[in-house]
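Engineer: Need coordinates for the following:
(chains A and B)
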Amino acid sequence: MNLHQPLSRLTPPASPADMIDDRPNDAVFRVSKSIYLDPDIFEMEIERIFSRVWNYVCHESQIRAVGDYVATEIGRQPVFATRSKSGDVKVFFDACAHRGARLTTRRSGKAPTITCRYHGWCYDTNGKCTKIQHEKLGWPNGMPKDYRTDLTPVPRVANYRGFIFASLSPTGEDIGSFLGGSARVIDTMVDQSPQGVEVLDGSIRYTMRANWKFQSENGADGYHVAAVHRNYAATVSYREQLVGDALDPMKATEAGRILNRTNTRTGGYDLGKGHMLNWSDRANVAAIPLSEREPELLKQFPEGFVKWMVRRGRVLTTFPNLLINDVASSAIRVWRPVTVNDTELETWCFAPVGESAKAREARIRKFEDFFFPSSLAVPDDIAAMEGAHEGSLATAMGWTEFARGRECTIEGGDDAAEEMGIKPATSTSQGDAETCFHGFYRRWLELMSAS
Amino acid sequence: MVKPDGRLFERVSAFLGIEAGLLDARDWHAWLALYALDARYWAPAWVDDYAMTSDPTRQTSLIYADRVELEARIFRIESEDSYASMPLPQTSHVVTCTGVQQAADGLVQAKANWMVHYFWRTKGAFVRAGRYEYELRGDGDSFLIVLKKIFIHDDRVVGPIDIYNI
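Structural biologist: Numbering: from 1, shown residues only, chains lettered A, B, ... in the order given. Modelled structure (predicted):
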């Protein structure tokens, strides 16, 4: 069998099935390099994935007061989420009912009455049109029966423990079914405080010249850490040396673990439905802001679940484009498909409500160390993903294979999965295996194949 | 700051130009030597279209560094082991002092506009801009930087944000 057959030119629109070579009996799982490059496949993804799945929109803590809003996109469609006067979070298409001008004027703000700046129409936070400029003059006989005057809500909105999702599809599975095992992983974060978690002020958008799926892979990819983040580990170690004995334990980092120098346990799950979890036991629990709450948490939750919260770092990637990280600090990241080779990413820090001031400040410093494009780590990830995209242009090479870790992968859950209460599709006993990507791309193909 | 002390303005402008030149020349240690041991280097993040973060204990910043952390960043750059920092872009800082004021505590407060053009052969040319706010302590004929706040206008950025391109 020739594993390196050059790809022939795809002239008619590529078929998604041509992008995936999945032959478990031959121990082969590979994707065509064109999956990252083909503009027709990208358009199909916009239509068949982003327009159908549950997309993360924002966190409820970002829109606490009535009229608070956050503007974003689902696929290409502009939407905004707002705290309605009924108390819940509503998500509308960000377009005036009249002639469609974008309603929000800022990325986030407060508008208990939403006024379109084009012709002056007004709406309340339930999307009801409350005022039409010069109405009687324009419609002396009253509004026509089928004329749209209210905002168009995004067909479905769901709130999973504060995480707001929306779907452009009016039908489909509910959010619990969509999230599957990843819901329980989110629980390990939200349950850290009786009041849940909150997103902190401060964010930035950054772009990468790479297909969005490289970021979907990156979060679940333990294997790159020792190479790409070696300099991060060396840098924070150097910094700690400079501070010396004055270093507060909560300010320490786990540089040794990052470089695979500690004997800590690591693993990963194909959670099913395309979701992936990468995890690693913490080498230095005192360095974790949450460690101050461990005794309290043990009174509320089973020991195994608390172990996951306090003693085990998690990087959750939910299909297709949401990452929630709870390792040294805690972060939410989304990556929006702009074009086939252009992706916009945005990251926020989140934290358990009510943690001590000391823990909060330590968490923020560690977040800044790793997660923004100004950090000591994320820029290197971006460079790696851009490099991976650029290398994929060598389509003559044909395929990219996800082969690492087959020998350490089992069907179903391991003991750690049982401690969390999840039933993953597969479990690996190494954090740098590549078998979880099989689940991601199988889900990709499932959605791409449905017309 | 409507009546600038001409001599002070000139001295501070020259100092800001020197700082910018050292960054563009990649003379990291000479650049770091302009910073007091108790210096703070702070690039806040955006909260909304008008406000940036202001409380580093409750809100995130792009960079919130003391002098040790600046030294660590230089270590990372010089390690030549950071995927994002090899190769470094060519940079040109254009800095214009917009005002100086002698403060009651003996420090000099200064404001400036900045723009950085940065270029990679592999990626092309990009520009960022914003404002600086400084607190400077007299040091003989020159100054030491006690506080540098970097306000970056761009909330949608290309490439790393690091000491060499803000």
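Engineer: Near chain B, which residues of the stretch 51-200 of chain A are found?
Structural biologist: A:106-109, A:200 (CB under 8 Å from any CB of the partner chain). Glycine gets a C-beta too; all of them are placed from N, C-alpha and C.
Engineer: For chain B, which residues score under the pLDDT cut-off?
Structural biologist: For chain B, residues meeting the criterion pLDDT under 70 lie at B:1-5.
Engineer: which stretches of it form strands?
Structural biologist: B:35-44, B:61-66, B:90-102, B:108-120, B:124-139, B:142-152, B:156-158 (DSSP state E).
Engineer: where does A:G313 land in three-state SS?
Structural biologist: Put simply, A:G313 is strand when judged by DSSP: H, G, I helix; E, B strand; the rest coil.
Engineer: neighbours around it, how many?
Structural biologist: 22 (other CB atoms under 10 Å in any protein chain shown).
Engineer: Then A:S237?
Structural biologist: 18.
Engineer: got the angle for the helix or strand encompassing it vs strand B:61-66?
Structural biologist: If you go by DSSP states H and E, A:S237 is part of helix A:230-243. Between helix A:230-243 and strand B:61-66, the angle comes out at 40 degrees (axes from the mean of the first three to the mean of the last three CA atoms, to 10 degrees).
Engineer: quick one: helix A:230-243 near chain B?
Structural biologist: Yes. Helix A:230-243 lies within reach of chain B by CB under 8 Å from any CB, at A:230-232, A:234-236, A:238-239, A:242-243.
Engineer: before we move on, back to that, what's the most buried one of the strands of chain B?
Structural biologist: strand B:61-66 (a mean of 22; mean count of other CB atoms under 10 Å in any protein chain shown).
Engineer: partner strands of that one, parallel or antiparallel?
Structural biologist: Sheet pairing of strand B:61-66 (DSSP bridges) gives strand B:35-44 (antiparallel).
Engineer: now the angle from the strand it pairs with to strand B:142-152?
Structural biologist: 10 degrees.
Engineer: Please list the outside residues in contact with strand B:35-44.
Structural biologist: With contacts defined as CB atoms under 8 Å, 6 or more residues apart in numbering or on different chains, strand B:35-44 is touched by A:202, A:374, B:52-54, B:56, B:59, B:61-67, B:69-70, B:137, B:144-152, B:161, B:163, B:166.
Engineer: Next: stretch A:142-157.
Structural biologist: Residues contacting stretch A:142-157 (CB under 8 Å, 6+ apart): A:54, A:57, A:74, A:79, A:89-93, A:95, A:97-98, A:103, A:114, A:121, A:123, A:127-129, A:132, A:135, A:164-170, A:172.
Engineer: before we move on, back to that, what pLDDT, on average, does the helix holding A:S237 get?
Structural biologist: For helix A:230-243, mean pLDDT rounds to 94.
Engineer: how about it: buried residues?
Structural biologist: A:230-240 (16 or more other CB atoms under 10 Å in any protein chain shown).
Engineer: So what's the gap between it and the chain middle?
Structural biologist: In terms of CA atoms, centre = their mean, to the nearest Å, the centre of helix A:230-243 is found 28 Å from the chain centre.
Engineer: now stretch A:126-144
Structural biologist: 41 Å.
Engineer: Alpha carbons only: can I get that stretch in PDB?
Structural biologist: What follows is stretch A:126-144, C-alpha atoms only, in PDB (Å, rounded to 0.1, in the frame of the first residue of the first chain):
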ATOM      1  CA  ASN A 126     -37.000  41.100  23.900                       C
ATOM      2  CA  GLY A 127     -36.500  42.100  20.300                       C
ATOM      3  CA  LYS A 128     -39.900  43.800  20.100                       C
ATOM      4  CA  CYS A 129     -40.100  46.900  17.900                       C
ATOM      5  CA  THR A 130     -41.100  49.700  20.100                       C
ATOM      6  CA  LYS A 131     -40.900  52.600  17.800                       C
ATOM      7  CA  ILE A 132     -40.900  53.200  14.000                       C
ATOM      8  CA  GLN A 133     -39.800  56.700  12.900                       C
ATOM      9  CA  HIS A 134     -42.600  58.700  11.300                       C
ATOM     10  CA  GLU A 135     -44.800  55.600  11.300                       C
ATOM     11  CA  LYS A 136     -48.100  57.100  10.500                       C
ATOM     12  CA  LEU A 137     -46.700  59.100   7.700                       C
ATOM     13  CA  GLY A 138     -45.200  56.000   6.000                       C
ATOM     14  CA  TRP A 139     -48.000  53.600   6.900                       C
ATOM     15  CA  PRO A 140     -51.200  55.600   7.100                       C
ATOM     16  CA  ASN A 141     -53.300  52.500   6.900                       C
ATOM     17  CA  GLY A 142     -51.400  50.700   9.600                       C
ATOM     18  CA  MET A 143     -48.500  48.100   9.300                       C
ATOM     19  CA  PRO A 144     -49.100  45.400   6.700                       C
END
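Engineer: out of the buried residues of helix A:230-243, who's nearest A:G274?
Structural biologist: A:Y232 (28.2 Å; CB to CB).
Engineer: which residues touch the residue in the stretch 101-250 of chain A that chain B sits nearest to?
Structural biologist: The stretch 101-250 of chain A approaches chain B most closely through A:G202 (3.4 Å), counting by CB to the nearest CB. Residues in contact with A:G202 (CB under 8 Å, 6+ apart) are A:348-349, B:44-47, B:53, B:59-61.
Engineer: if we can go back for a sec, just the buried members of the residues of the stretch 51-200 of chain A next to chain B?
Structural biologist: Buried, going by 16+ other CB under 10 Å: A:107-109, A:200, out of these.
Engineer: and the two most separated of these?
Structural biologist: A:G109 and A:L200 (17.9 Å).
Engineer: Return the per-residue confidence for the closest residue to A:D124 other than its chain neighbours.
Structural biologist: Excluding the flanking residues, the one nearest A:D124 by CB to CB, 6 or more residues apart in numbering or on different chains is A:T130, at 5.3 Å. Note for A:T130: predicted pLDDT of 98.
Engineer: pretty sure A:T130 is in a strand, no?
Structural biologist: Yes. Membership of A:T130 in a strand is supported by three-state DSSP.
Engineer: any idea how far A:M208 is from the one residue sitting closest to the centre of chain A?
Structural biologist: With distances taken as CA atoms, centre = their mean, A:L322 lies nearest the centre of chain A, 1.1 Å away. In this view, A:L322 and A:M208 are 16 Å apart by CB to CB, to the nearest Å.
Engineer: And for A:F301?
Structural biologist: 38 Å.
Engineer: Does A:Q195 belong to a helix, a strand or coil?
Structural biologist: coil.
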